[in-house]
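*Asks:* Just need the structure, nothing else, for what follows:
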Amino acid sequence: MLAGTSALPERSVSVTQRERGRGRRRSQSESSTPQEIRSTTRVYNIKTSEDRDDPKIIADGQGGSGLYTEIGKKARDLLYKDYQTDQKFTLTTTSPTGVAITSAGTKKGELFFADVNTQLKNKNVTTDIKWTDSNLFTTITVDEPAPVLKAIFSFRVPDQMSGKIELQYLHEYAGISSSIGLTANPVVNFSGVLGTNVLALGTDISFDTKTRNFTKCNTGLSFSNVDLIASLALVDPCFHMGPIASQPMRTPSGTQHAIDPLTMVKARVNNVGMASAVIQHEWRPKSLFTISGEVDTKSIDKSPKVGLALALKP
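*Replies:* Residues are numbered from 1 along each chain as shown. Below is the predicted model of the structure:
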């Protein structure tokens, strides 16, 4: 990944993932035959029942190219999701009327952070309201105001300049998203993906109408089949065509394995000696208990960091 002055430095990621299958019952022959994929790009195995049920990522002839934000998402989840060194508790409650309330609390050292998220569904309209210590985020999503379209309106209180409206279009061979800020001199964003659920090429561009400059110019490529997904992203190649001075490159590698249908372990290590591990157990449907840890292998005299997370969904 190539980066500009405000983005991450160039990365080459090697990922190994074995069958997850968390929360699903599989045959003995399938669970006893783990598969391994290695590459210098973001690569991971998606040959699990859970992944096959997701129309956005399966490669069995259904689904389309998806949106630009989906390029590399599964690899990022493998390398970064659930890795934490804090204590977190999450409780989700739902009602028959379509209201879901999620409360979360996180303890970081001596500090405690809390947020509450409320989701209301009424026919094809979904409203998400999230309250944090100092902000109120609201997102209103309308599914199919016209065929194959999705409209999203979002804003943040008390920021009066945060209003934004977005339109998404999903087709078998294309995924397009365009947004504009609701200000006098808005930032306009456009992203598009062309291809199929096997091979897709996309771009993500932002233009500031006030300065009349492009503020973002990204390009992504993804390849998918029943065994793996690989993606490559170039960040801001439009602005930096020459040599780039950057921080020392960090290259993480990760692996994931299902101990049983309800328990998953994964680990990662980078080239500077930081090693992390996660074990997650689904002790009841959609309720997870997670233990994670991180250690500096080049400074073993330092105490390892440990994180705990409990997510309850009755």
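
*Asks:* Run through the bridge partners of Leu288.
*Replies:* Under the criterion DSSP bridges, Leu288 forms beta bridges with Glu282, Ala311.

*Asks:* count of residues packed around it?
*Replies:* Neighbourhood size, Leu288 [other C-beta atoms under 10 Å]: 20. The way it works is simple: take the backbone N, C-alpha and C, and place the C-beta from them, glycine included.

*Asks:* could you measure the closest residue to Asp86 other than its chain neighbours against Gln168, distance?
*Replies:* Of all residues not flanking Asp86 in the chain, Lys108 sits nearest, at 4.9 Å (C-beta to C-beta, 6 or more residues apart in numbering). As judged by C-beta to C-beta, to the nearest Å, Lys108 and Gln168 stand 34 Å apart.

*Asks:* Just want to know which of these two has more residues nearby.
*Replies:* Taking neighbours as other C-beta under 10 Å, Lys108 and Gln168 compare with Gln168 leading, 18 against 12.

*Asks:* ok, then the element right after the strand or helix carrying that one?
*Replies:* Taking DSSP states H and E as the criterion, Gln168 maps to strand 164-171. Per DSSP H and E, strand 164-171 leads on to strand 174-181 as the next helix or strand towards the C-terminus.

*Asks:* So which bits of that next one are buried?
*Replies:* 174-177, 179-181 (16 or more other C-beta atoms under 10 Å).

*Asks:* likewise stretch 284-303?
*Replies:* So for stretch 284-303, counting by 16+ other C-beta under 10 Å, buried means 287-290, 292-295.

*Asks:* Export the residues you listed as TSV, with columns for distance to Val193 and pLDDT.
*Replies:* Shown next, in TSV, are the buried residues of stretch 284-303 (distance: C-beta to C-beta, whole Å; pLDDT from 0 to 100):
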residue	distance to Val193	pLDDT
Ser287	35	95
Leu288	31	95
Phe289	36	96
Thr290	32	96
Ser292	33	96
Gly293	37	95
Glu294	34	95
Val295	39	94
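
*Asks:* what's the closest of those to Asn213?
*Replies:* Glu294 (39.1 Å; C-beta to C-beta).

*Asks:* That closest one: helix or strand, and which one exactly?
*Replies:* Going by DSSP H and E, Glu294 is in strand 287-296.

*Asks:* Can you name the residues in contact with that strand?
*Replies:* Applying C-beta atoms under 8 Å, 6 or more residues apart in numbering, the contact partners of strand 287-296 are 82-85, 273-283, 302, 304-313.

*Asks:* So which residues of this structure form helices?
*Replies:* 28-31, 49-52, 73-80 (DSSP state H).

*Asks:* ok, and what's touching stretch 99-107?
*Replies:* So stretch 99-107 is contacted by 86-94, 112-121 (C-beta under 8 Å, 6+ apart).

*Asks:* and those, which are buried?
*Replies:* Neighbour-count burial (16+ other C-beta under 10 Å) is assigned, among the contacts of stretch 99-107, to 86, 88, 90, 92, 115, 117, 119-120.

*Asks:* could you dump those to a markdown table with pLDDT and distance to Leu228?
*Replies:* Compiled in a markdown table, those are given as follows (pLDDT from 0 to 100; distance: C-beta to C-beta, whole Å):
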| residue | pLDDT | distance to Leu228 |
| --- | --- | --- |
| Asp86 | 93 | 32 |
| Lys88 | 95 | 31 |
| Thr90 | 95 | 31 |
| Thr92 | 95 | 32 |
| Asp115 | 92 | 35 |
| Asn117 | 95 | 33 |
| Gln119 | 95 | 33 |
| Leu120 | 95 | 38 |
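
*Asks:* between those residues, which is closest to Val265?
*Replies:* Val265 lies nearest to Lys88 out of the buried ones among the contacts of stretch 99-107, by C-beta to C-beta, at 18.8 Å.
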